[in-house]
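J.: what shape does this take:
(chains A and B)
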Amino acid sequence: MSHLFAGRAQMGTSLAFHIIFAVLGVGLPLLMCLAEWMGLRRGDPTWLLLARRWSKAFGVLFAVGAVSGTILSFELGLLWPVFMKYAGPVVGLPFSAEGFAFFLEAIFVGLYLYGWDRLSPRAHWLCSLPIVVSGAASAWFVVTANAWMNSPAGFQISHGKVINVDPLAAMFNPSTPTETIHFLVSAYTATAFGVAAVYAVGLLRGRHDAYHRKALMLALALATIGAPLMPVTGDLSARFVAEHQPAKLAAMEALFHTERGAALRIGGWPDPANGTVRYAITIPHGLSLLIAFDSTTTVRGLDSFPADQRPEARVVHAAFDLMVGIGFALLAVVSWYWLWLWRIHRRTERNRRFPQRLLQALVLAGPATFVAIEAGWTVTEVGRQPWVIYGIVRTADAITTQPGLGVTFMVFNGIYLVLATMTTWLLLRLAQQGRKATVGLEAPSDRGTSPRSRLPASASP
Amino acid sequence: MTLPNLVFATIWAAFTIYIVLGGADFGGGVWDLLASGPSAKRQRQAIVTAMGPVWEANHVWLIFVIVGLFTNFPGAFVALSVALFVPFTLVLVGIVLRGASFAFRAHAAEAVRLSAVWGRVFGIASTFTPVVLGTCAGAVTTGRIRVHGDIVAADLMGVWTGPFSLLCGALALAICAHVAAIFLCVEAGDVGDVELAASFRQRALAAGLVGGVLALGGLVLARTDAPILWSGLAGKALGLVILSAGLALVANGVLLRRRYRLARILVVAQVTIMLAAWAYAQAPYLIIPDVTITSAASPSASMAAFSIATAVGGVLLLPSLWYLLRVFKGQNPAAVRIADHVPTTHS
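T.: A predicted model of the protein is given here:
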C-alpha cells in the first residue's frame, strides 16, 4: 500500500464512519423533540416513551460520534499537515464555530439524557431545542469547510504563505449554499428512513401497536418533506458543480469527450482506456438539457483536462448514479405511502394496516439511504481529486512525511470495526427492550395484557 | 497585550479547563481501574455518576484547543502533528477507547461480563492517555523538536521518550488522579457516604504525594533536559511556581481535615497556576526553541475572526455550562436519586 493511498484510505474510512453518526446526530434530535412535544401536548405516554427510547439510542450514537469526530480533528494534522498549514487560518472560523455548536450540543445532550427525572417535563423538552439547532449548525459549519475545499475563496498564497485572509468569504464560498443545503436535507431524510426501517421491521413481525405505528408515521412525515427536496437540492448542486468544477461533473457523468449537445449516460461502466461507457443507458442531449436547459450546450469532457487533473470516473460515476438512483427510489416509496393513505381516506382500501410490501420497501429504504449518503460523499471527495484544495493544493503534496501510515490505517480500521459492532449490538438491544416496554402500552383490544403491565411506570427505562 | 498573545491566552485557558475537567475524567478512569477494598463497587458507581452527564462536554475543551491551535498558530499545529505523530496517534486511540468504553459500559450495564470488559478498557485507556499526553508536553519543552521553515525534524520515538518527557507523563497521570479523587470526595460527601469519601480522600492524598515528588524531580531534571524552561521557572515564573507549590500544600492540608469543597477550589487553583507557570516560563516559545507565538501566528484577520467567534460562542456557552453543572453538580439532594438511576439504566 503506497504512503498516499494509506493516508487517503485512513481519512476516507474515518469520514465514512463518522458521517453516519453525524447524519443521525442532526436528524434524531428533531424526531426526539417532536415526539416529546406530542407526548406532552396530548399527555400521551406512547410518544413520551418513543422520545425516551430515541434518547437512549441517541446517547450511544452521540458518544461514538463524538469520539469519531475527535479522530478526524486529530487526523487533519496527523495525515495532512500541509493542507492544514493553508486551511487552518482560512477555514478556522467555521471549525471554531462548529466547536461551539458541538459544545452546546454536548451540554444539552448531557441535560437531556440524564435529566429525564431531574428536570420538569417542560424544561426537559426545552433542552431538546438547543440540541436540534446546534446539531444542524455544527453540520452546516463543517460542510462549509468542505465546500471551501471545492471552491476555495477568501485568501491568497504568496511564497508558500497564506495572505489576505477573509474568513467570512471563505466560509460563504461559492459552494456553501448548495452543498450545505443538500447535506442537511440528506441528514434529515436519511434519519427519517433509517428510523422508519426500524419500525417497519417491528410491524412486519406483527407488532401492530400504537408505539410502532406512531414512530413510523412520524418518521415518514419527515421523509415526506425530505425525499422530494433531495433531487431538487441535488440538481442545484450538480448544476453548480458543472459551472465551478467541470472536471468533477465530467467524472460524475462519465463524459470522456467534450460534447456539444452532450448525452446523459445512466449506469454503465466507464472505460477510461477507450474513453467509452459500456452498458450505459444513453439519453441523447440529456446532459446538456439538464445542465443548461438547452439541448445544444457544450459540456466539457475529461479530455479537456490535463491527464494528471482528471478524477477517477469509474468511482465517481458509479457513486453518483447509485446516489441518484436511490434518491428516486426513496421518492417512489414515499409516494407509495401517500397513495395508500389517500386510498384509506377514500375508503377504497379496507385494511388499515400498513401493506406488507410497503413495509418491506421501507425496510430496504433505511440502509439504502445511508448507502446514498456514502455515495454522495464519495462523489464530492473523489470527484475533487487530485486536489485537496481545488486547483491549489494537491492531495499528494498535502500528506505527512511521517512513515507508518499503513500501520495506523489498520489500527483505526480495527477500532472502527469494534465501535461499529458494539454500537449495532447496543442498538439492537435497545430495540428489544423497547419491544418489551411497549407491551404495557398497547390498547387492551390489540392484545390481551394484564392491567398491571399497562401502567406507564413499567415502561420507564 | 498583542492579539496573538491574547488568543494564545484564550487557548491556554481552554487547555487549563481541559486538564482540570477532562483530566479529572481520566483520573476517574484510573480510580476505576484501581478500585479496591470493601467499597470498590461504590467507588466505581460514584465515578460513573460523576462523569456520566459531563464527560462529553469536558472532552470538547480539547477539540476547542486543537481547533484554536490550527486556526491561530498553524505553524505550531503542523510542527506538533508531524513531530509527535506517534504519541498523538496513541493519545487518539486512548481517547477513543476511553470515551467509547465509558458509553458502552453504561449502556450495556446488565450484560455483566461484557460491561466488565469495557470497564477494564475504560480504566486502562484512562491511565494510558494522560501519560502519553504528558510526554508530549515534555517533548515541547526539551528542544527535541526542530523546525526550519516548512521542515520539521524530530526523532520519531526519541522526541517523546526522553527522561524529562517520561517524567512529565507520570506527573500528568498523578495530577489527573489527584484532582479526580478530590472531586469524588466532594461527590461522596454530598450524598453523605462518609466511608466512600474517606477512601477517595486517602487516594487523593497518595496521588498528591506522588505528584509532589514527581514535580520536584521534574524541576531537577529540567535544569539539564529543558534548560530554557528551567531558566523561566527559576526566573520570571518563580513566583507562580512558589504559589503553585504553596497551594498544593494547603490543598492537601485542607484535605486532611476533610474540607472537601475547599480542597476542590484549591486544587483547581493550584493546577491552573501550575499550568500558567509553565506557559509563562517558556513564553514566547510555543515549541522550544524554534517556534514562537509570533512566528507561528496566523494572519490577524484569522485571529480576529476566531476571537469574535469565541466571544459570541462564549456568551451562549457559559450560561449553558453553568446550567449543566448546576443541575448535576450543584448541592442538590436529588444527587442521591440519580445515583440510583444511572448505573441500572436498563434494569
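J.: burial count for the residue of the stretch 101-250 of chain B at minimum distance from chain A?
T.: Of all residues in the stretch 101-250 of chain B, residue B:103 sits closest to chain A, at 3.5 Å by C-beta to the nearest C-beta. To be clear about C-beta, it is placed using only N, CA and C from the backbone, and glycine gets the same treatment. When neighbours are counted by other C-beta atoms under 10 Å in any protein chain shown, residue B:103 registers 26.
J.: before we move on, what about residue B:329?
T.: 16.
J.: I'd like the next helix or strand past the strand or helix carrying residue B:132.
T.: Per DSSP states H and E: residue B:132 is located in helix B:112-142. Next along the chain after helix B:112-142, taking DSSP H and E as the criterion, comes strand B:146-148.
J.: please enumerate the helices of the stretch 301-450 of chain A.
T.: A:313-345, A:356-384, A:395-398, A:405-438 (DSSP state H, counting those that start in this stretch).
J.: do the stretch 101-250 of chain B as well
T.: Secondary structure of the stretch 101-250 of chain B (DSSP H, counting those that start in this stretch): helices located at B:112-142, B:163-190, B:194-225, B:227-234, B:238-256.
J.: what's the closest of these to residue B:321?
T.: helix B:163-190 (16.2 Å; C-beta to C-beta).
J.: in that closest one, which residues are buried?
T.: Neighbour counts over helix B:163-190 (16 or more other C-beta atoms under 10 Å in any protein chain shown) mark B:164-190 as buried.
J.: how about stretch B:198-209?
T.: Under the neighbour-count criterion of 16+ other C-beta under 10 Å, stretch B:198-209 has B:199-201, B:203-205, B:207-208 buried.
J.: what's around the closest residue to chain B within the stretch 251-400 of chain A, how many residues?
T.: Closest residue of the stretch 251-400 of chain A to chain B, C-beta to the nearest C-beta: residue A:400 (6.1 Å). Using other C-beta under 10 Å, residue A:400 has 22 other residues around it.
J.: then the one 5 residues further on?
T.: Close neighbours of residue A:405, defined as other C-beta under 10 Å, add up to 24.
J.: skip the chain neighbours and tell me the closest residue to it.
T.: Nearest non-adjacent residue to residue A:405, counting by C-beta to C-beta, 6 or more residues apart in numbering or on different chains: residue A:6, 3.8 Å away.
J.: residue B:91 is in contact with residue B:132, isn't it?
T.: Yes: taking contacts as C-beta atoms under 8 Å, residue B:91 lies within contact range of residue B:132: 5.0 Å.
J.: if we can go back for a sec, tell me the one among the buried residues of stretch B:198-209 nearest to residue B:153.
T.: Distances from residue B:153 to the buried residues of stretch B:198-209, taken by C-beta to C-beta, are shortest for residue B:207, at 36.7 Å.
J.: element containing whatever residue of chain A ends up closest to chain B, please.
T.: Distances between chain A and chain B by C-beta to the nearest C-beta are smallest at residue A:92, namely 2.5 Å. Using DSSP H and E, residue A:92 sits in helix A:81-114.
J.: so which bits of that helix are buried?
T.: Buried residues in helix A:81-114, counted by 16+ other C-beta under 10 Å: A:81-114.
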